[in-house]
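1. What would the 3D arrangement of this be:
(2 chains, ligands or ions: 2)
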Amino acid sequence: MIDKLALYLQYSFVQYALIVGMLIALCSALLGVTLVLKRFSFIGDGLSHVAFATMAIAAVLNLSNNMYLVMPLTILCAVILFRTKTKARGDAVLAMLSVTALAFGYLFMNIFSSSSNVSGDVCSTLFGSTSILTLKKEDVILCAALSVVVVVVFILFYNKIFAVTFDEDFAKAAGTRVNCYNLVISVVIAVIIVLAMNLVGSLLISALVIFPALTAMRIFRSFLSVTVCAAIVSVFCALLGMLVSITMGTPVGSTIVAVDAIVYALTVCVTAVVGGRR
Amino acid sequence: MALLTISDLSLGYDSRIIVEGLNFTVNEGDYLCIVGENGSGKSTLMRTLLHLQEPLGGQIRMGDGLAKNEIGYLPQQNAIQKDFPASVREVVLSGCQARCGWHPFYSREQKKLAMDNMRRMGIDNLARRCYSELSGGQQQRVLLARALCATQRILLLDEPVTGLDPKVTMEMYDCIANLNREGVTIIMISHDIAAAVQYASHILHIGSSVFFGTKEDYLASPEGRLFLPQDGQEQLERATEGGDAK
Ligand SMILES: Nc1ncnc2c1ncn2[C@@H]1O[C@H](COP(=O)(O)OP(=O)(O)OP(=O)(O)O)[C@@H](O)[C@H]1O
Ligand SMILES: [Mg+2]
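-> Numbering: from 1, shown residues only, chains lettered A, B, ... in the order given. Ligands and ions are numbered 1, 2, ... in the order given. Next up, the predicted model:
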């Protein structure tokens, strides 16, 4: 099995896939901490369904590269969602939006698709491509570039994101441009969601965003250490998941999420036994 | 010119007016206590002063070169969520955020300012502890240190002593009184009228009837009598003695 792995790792497309996977995992974990703490875990879920619907539209329109349609539309939705969140029933609106997007996406694909294998297409958009190795080279480059941008933006805005997440009212009263930073957060989240769709598919993105943050919050008690730990855990799980998936031929998205879930469960057990500082 | 001049202010939510016709001024170095029953609109007034919500009418004017963002704020408890992973140092430093502008990181002076304020509040030994694992009194000190990082001029405190034991409450009052002596203007919401008349220089009472004036006037007013039925006179004497000593 080791031999098989070593053989695979020699191919550049395998290396690309691993790098892209790890970058995406890194990005989603960084913003995941904020999403969980702002109680917005479901936004990731809702947005991923929106991304699914736009992808369906892109497929219907036969766009050569669907990113150019999916990305702006998802960002637009993210901005609107973050705007309306203070109003009452935000969660119900979100749930409605997310199922509507899902339904229309599937409908479009079924009615208009020229592809012979509609259910295969739907399945891979929902659960991620069965093999990440089918990524095209330009996808890889775009993914890598966007991930780097996300990480840089996150580092530059780190202190502001903390201030806005910890106590939005105080930050606002002290003259911080809260709306501006919320906008930055929502745009970055949308970018991450679209990127992560390539890796794990739209139904599993929430897991990629939430699990590492929850795992880290079990162990550490300061924002910096939680963020760093979540990033490390996420990259590790993604790498492990992808290696397992390549050697065993399992679907890549669900394998990564399974690893994430197992790591979380183990952390819960260990911290409980150690009498962790829960 | 006063730091804050409030004229004919109306507050409320979605055009439902809760308080109207508020007029008062706050001068540099004042210690204003806002009192009134639950739900009378004290927190709403504070949020309006902070520009967290729009006034439904009237005006808030700032003088003496006080900028909009030079107001420190201590929110009413439970405004901050439980089990948020953040160390005391991170929380206090976040008070410097507004000074940063577009700079991504805190400067050395800002870190020093945070350290100094932690020392001032006697929490420098807790710097690495998790905020949500501290006791209520310690948490209030952390938030006070954070507010001091945002400004040295005026602090708005929303019920800073609620839920604290008598000893810690006294410490908290002393702490705030010290800050006031150092020149920080204080606006505090409190249900503790006895303490309010002991420490404050001015009282704003909101509710079915509105009163604003110095604490001496307050004790003589019908609103003050209502709240301090028997020992009002005694309080007044003690309070004025305290004032003389200063
Ligand atoms: N977000 C809101 N939307 C609509 N009405 C609100 C909102 N928050 C408070 N109110 C109403 O405004 C009134 C004043 O509330 P406020 O919180 O200012 O009272 P308070 O004087 O601070 O009371 P307490 O002493 O309990 O803190 C209350 O009647 C309350 O029901
Ligand atoms: Mg209140």
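2. who in chain B is up against ligand 2?
-> Residues of chain B found near ligand 2 (C-beta under 5 Å from the ion) are B:43, B:76. To be clear about C-beta, it is placed using only N, CA and C from the backbone, and glycine gets the same treatment.
3. in chain B, which ranges drop under the pLDDT threshold?
-> Applying pLDDT under 70 to chain B picks out residues B:1, B:78-79, B:226-246.
4. Pick out the residue of it closest to chain A.
-> Evaluated by C-beta to the nearest C-beta, chain B has residue B:69 as its residue closest to chain A, separated by 2.3 Å.
5. That residue sits in which helix or strand?
-> Residue B:69 belongs to no helix or strand when assigned by DSSP states H and E.
6. Report the contact partners of it.
-> For residue B:69, the contact set (C-beta atoms under 8 Å, 6 or more residues apart in numbering or on different chains) comprises A:173-175, B:98, B:150-151.
7. Tell me who's in contact with the residue in chain B that ligand 2 sits nearest to.
-> Closest contact between chain B and ligand 2, by C-beta to the ion, is at residue B:43 (3.1 Å). The contact partners of residue B:43, taken as C-beta under 8 Å, 6+ apart, are B:76, B:158, B:189.
8. all helices of chain B, in order?
-> Assigned by DSSP state H, chain B shows helices spanning B:42-49, B:88-94, B:97-100, B:108-120, B:136-150, B:166-181, B:193-199, B:215-220, B:222-227, B:232-245.
9. Oh, that last question was meant for chain A, not what I typed.
-> A:2-9, A:12-37, A:41-60, A:67-84, A:90-112, A:118-127, A:137-156, A:158-166, A:168-173, A:178-200, A:205-219, A:223-248, A:252-273.
10. Spatially nearest residue to residue A:167 (excluding sequence neighbours)?
-> Spatial nearest neighbour of residue A:167, excluding adjacent residues (C-beta to C-beta, 6 or more residues apart in numbering or on different chains): residue B:80 at 5.7 Å.
11. Kindly report the same for residue B:67.
-> Counting by C-beta to C-beta, 6+ apart, residue B:67 lies nearest to residue A:175, which is 7.5 Å off, once chain neighbours are set aside.
12. Verify the stated contact: that neighbour with residue B:68.
-> Yes. Between residue A:175 and residue B:68 there is a contact under C-beta atoms under 8 Å: 6.2 Å.
13. which of the two has more neighbours?
-> The neighbour comparison of residue A:175 against residue B:68 (other C-beta atoms under 10 Å in any protein chain shown) goes to residue A:175, with 19 against 12.
14. Which residues does the residue lying closest to residue B:61 once chain neighbours are set aside form beta bridges with?
-> With sequence-adjacent residues excluded and distances taken as C-beta to C-beta, 6+ apart, residue B:61 is closest to residue B:5, at 4.4 Å. Beta-bridge partners of residue B:5, counted by DSSP bridges, are residue B:25, residue B:61.
15. ok, residue B:5 to residue B:26 distance?
-> Going from residue B:5 to residue B:26 by C-beta to C-beta, to the nearest Å gives 8 Å.
16. out of these two, which sits in the busier spot?
-> More crowded of residue B:5 and residue B:26, by other C-beta under 10 Å: residue B:26, with 23 against 16.
17. wouldn't that one be in contact with residue B:187 here?
-> Yes. When contacts are counted by C-beta under 8 Å, residue B:26 is listed as touching residue B:187 (6.5 Å).
18. tell me, what's touching these two both at once?
-> Shared contacts of residue B:26 and residue B:187 (C-beta under 8 Å, 6+ apart): B:32, B:154.
19. Ligand 1 versus the spatially most central residue of chain B, what's the distance?
-> What sits nearest the mean C-alpha location of chain B, by C-alpha atoms, centre = their mean, is residue B:157, with 2.1 Å. According to C-beta to the nearest ligand atom, to the nearest Å, residue B:157 stands 12 Å off from ligand 1.
20. try residue A:242
-> Distance of residue A:242 to ligand 1, computed by C-beta to the nearest ligand atom: 47 Å.
21. In contact with that residue: list those residues for me.
-> Going by C-beta under 8 Å, 6+ apart, residue A:242 touches A:17-18, A:21, A:132, A:252, A:255-256.
22. For residue A:93, the count of nearby residues, please.
-> Close neighbours of residue A:93, defined as other C-beta under 10 Å, add up to 16.
23. Run a quick neighbour tally on the residue of the stretch 151-278 of chain A found nearest ligand 2.
-> Residue of the stretch 151-278 of chain A nearest ligand 2, by C-beta to the ion: residue A:169 (12.8 Å). Other residues near residue A:169 come to 15 when the count uses other C-beta under 10 Å.
24. With residue B:129 instead?
-> With other C-beta under 10 Å as criterion, residue B:129 counts 17.
25. Quick check: residue B:218 touching residue B:201?
-> No. Applying C-beta under 8 Å as the test, residue B:218 and residue B:201 come out as separate, 10.7 Å apart.
26. Those two - which one has more neighbours?
-> The residue with more neighbours, out of residue B:218 and residue B:201, is residue B:218; 27 against 17, by other C-beta under 10 Å.
27. residue ranges with poor pLDDT in the stretch 1-150 of chain A?
-> Counting by pLDDT under 70, the stretch 1-150 of chain A has low-confidence residues at A:64-65, A:84-90, A:113-116, A:129-135.
28. tell me which parts of it are close to chain B?
-> Residues of the stretch 1-150 of chain A lying near chain B by C-beta under 8 Å from any C-beta of the partner chain: A:37, A:39.
29. List the contacts of the residue nearest to residue B:67.
-> By C-beta under 8 Å, 6+ apart, the contact list for residue A:175 reads B:67-69, B:98.
30. rerun at 7 Å
-> Each residue near residue A:175 by C-beta atoms under 7 Å, 6 or more residues apart in numbering or on different chains is listed here: B:68-69, B:98.
31. Likewise for residue B:47?
-> Counting by C-beta under 7 Å, 6+ apart, the residues that residue B:47 touches are residue B:53.
32. And for the one 3 residues further on?
-> Taking C-beta under 7 Å, 6+ apart, we find residue B:50 in contact with A:173, B:71, B:73, B:156.
33. With neighbour count added, can I get those in TSV?
-> Formatted as TSV, these follow (neighbours: other C-beta atoms under 10 Å in any protein chain shown):
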residue	neighbour count
A:173	27
B:71	27
B:73	29
B:156	23
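34. Quick check: the residue of chain B closest to ligand 2 vs residue B:7, distance?
-> 21 Å.
35. same thing with residue B:191?
-> Counting by C-beta to C-beta, the gap from residue B:191 to residue B:7 is 27 Å.
36. Per-residue pLDDT of the nearest residue in space to the residue of chain B closest to chain A that is not next to it in sequence, please?
-> In space, and not counting its chain neighbours, residue B:69 is closest to residue A:175: 2.3 Å by C-beta to C-beta, 6+ apart. You'll see residue A:175 listed with a pLDDT of 81.
37. And for the one 10 residues further on?
-> In the predicted model, residue A:185 carries a pLDDT score of 88.
38. again with residue A:223
-> Listed pLDDT for residue A:223 reads 95.
39. from memory it sits against residue B:88, does it?
-> No. With contact defined as C-beta atoms under 7 Å, residue A:223 and residue B:88 do not form a contacting pair (11.5 Å).
40. about what we covered before: can you put the contacts of residue B:43 in JSON lines and add neighbour count?
-> Shown next, in JSON lines, are the contacts of residue B:43 (neighbours: other C-beta under 10 Å):
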{"residue": "B:76", "neighbour count": "16"}
{"residue": "B:158", "neighbour count": "21"}
{"residue": "B:189", "neighbour count": "24"}
